[in-house]
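In: show me the folded form of this:
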Amino acid sequence: MRIHIPTRLRWSDLDAYGHVNNAQMFGLLEEARIHAFWEGDNAEGDAPPTRIFQGGPTADTFTLIAHQEIEYLAPIAYQRDPLDLELWIGRLGGASMEVCYEVWSPVGETPRVLFTRATTTIVLVDAATMKPRRIRDDEREAVAPYLGDMIEFGKK
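Out: A predicted model of the protein is given here:
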């Protein structure tokens with residue numbers, strides 16, 4: 001199963017060629033990841049059950065990025081409708097997890113276009129000691145339905 005996060009483009013995401021800048025894509029992935037995994041206000045009523053980590057400087061646990069990899073498959077021109085960012089967990093380690101993403105054209109658009117594939121390795125770090133901490137059983141249980149295959153990137 002995957003988490004679907006509708007993500008709107010901002011005018012500032014575009015580069016001089018009129019498509020999403022490669023560096024801005026990491027920001028879009030970050031927004032989707034925060035929506036998927038950080039606890040917080042759920043005024044919209046669309047929070048996935050994977051919202052299990054506190055965010056911000058007062059959190060007991062920090063979710064730090066250890067590695068990111070991205071593959072751009074097609075340029076993304078500005079669109080009014082939100083892109084469909086699909087997230088899932090490709091690997092769940094002792095203190096880390098591999099978040100996988102696919103960035104698709106807006107829901108309902110045909111043909112459906114896969115623009116980008118990416119992964120982010122997140123390490124859970126105890127905020128007081130700044131040392132990795134193990135993923136708790138309740139956290140594993142929350143993300144277990146979203147475990148899937150790792151992304152196979154193209155030629156390296």
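In: ranges for the helices of this protein?
Out: Under the criterion DSSP state H, helices of the chain are mapped to 22-37, 137-143.
In: please name the residues that touch the residue nearest to Trp11 when sequence neighbours are not counted.
Out: Taking Cβ to Cβ, 6 or more residues apart in numbering as the measure, Trp11 lies nearest to Tyr78, with 7.2 Å between them; neighbours along the chain are not counted. Every C-beta, even on glycine, is put in place using the N, C-alpha and C of the backbone. Tyr78 makes contacts with Leu9, Trp11, Asp13, Leu14, Gly18, His19, as judged by Cβ atoms under 8 Å, 6 or more residues apart in numbering.
In: let's go with 7 Å and repeat that
Out: Tyr78 sits next to Leu9, Leu14, Gly18 when contact means Cβ atoms under 7 Å, 6 or more residues apart in numbering.
In: which of the residues you listed tops the neighbour count?
Out: Neighbours here are counted as other Cβ atoms under 10 Å. On that basis the top member of those is Leu9, with 19 neighbours.
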